[in-house]
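>>> Have a look; sequence and predicted model below, questions after that.
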Amino acid sequence: MIPSFPNKLPHSPIYKKAQEIFTLSRHISSYITDDLAVLREDGKEDPSIYFGGDIVQQSISLAPEILKAESQTYAEEKHKYAASVTSLVNRLYKNCERLELANTNGKDFLPILRGEIKKFRKLQRNWMLTL
């Protein structure tokens, strides 16, 4: 749903990058899930399948946390949400590394996502200084 104030839409580069990361992680996760959904020879599921969902959950949480940080008036609150963004990005990166070890064709796309996360981290450093 688009807010009724179109000029109030967030246009910060870090917010846009968070949206790009979410879109990319969602596509990668759906691709990987198809490969990992097949049961192993011993009848058990691949534990890596959960990392695909984790990257989506962590990436979907980035943009709201950025908005919360930018909307706060006090520095303490801004830094609390900024710390949450840092934690999400670190976990997202770690889960990408874990998925690269999985036996799936989709792992070829994970370096692209990790590259976008690195770009996000550069934006994040500047963004945190402006809070």
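Arrived safely.
>>> Please count neighbours and contacts with C-alpha atoms only from this point.
Fine.
>>> Could I get the buried residue list for stretch 41-56?
The neighbour-count check on stretch 41-56 (16 or more other C-alpha atoms under 10 Å) flags 48-49, 51-56 as buried.
>>> I meant stretch 57-70, not that one.
Within stretch 57-70, the residues scored as buried using 16+ other C-alpha under 10 Å are 57-63, 65-67, 69-70.
>>> Which residue comes closest to the residue most central in space within the chain once chain neighbours are left out?
In the chain, the C-alpha nearest the mean C-alpha coordinate belongs to residue 59, at 2.3 Å (C-alpha atoms, centre = their mean). Among residues not flanking residue 59 along the chain, residue 22 sits closest, at 4.8 Å (C-alpha to C-alpha, 6 or more residues apart in numbering).
>>> Using the three-state scheme, assign that neighbour.
helix (DSSP: H, G, I helix; E, B strand; the rest coil).
>>> what's it in contact with, if anything?
56, 59-60 (C-alpha atoms under 8 Å, 6 or more residues apart in numbering).
>>> ok, now residue 52?
Contact partners of residue 52, counting by C-alpha under 8 Å, 6+ apart, are 28-30, 32-33, 99.
>>> Let's see which of those residues end up in strands.
Residues of the contacts of residue 52 located in strands (DSSP state E): none.
>>> Only the buried subset of these, as a PyMOL command please.
In PyMOL, a selection of the buried entries from these looks like this (16+ other C-alpha under 10 Å):
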select buried, resi 28+29+32+33+99
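>>> pLDDT averaged over the helix or strand encompassing residue 80 - what is it?
Residue 80 is part of helix 75-100 when elements are defined by DSSP states H and E. Helix 75-100 carries an average pLDDT of 95.
>>> Please report the distance of residue 68 from residue 24.
From residue 68 across to residue 24, the span is 23 Å (C-alpha to C-alpha, to the nearest Å).
>>> no no, residue 106
Taking C-alpha to C-alpha as the measure, residue 106 and residue 24 are separated by 12 Å.
>>> go on, residue 37?
Using C-alpha to C-alpha, residue 37 is found at 20 Å from residue 24.
>>> burial measure for residue 87, as a count.
Neighbour count for residue 87, taken as other C-alpha atoms under 10 Å: 13.
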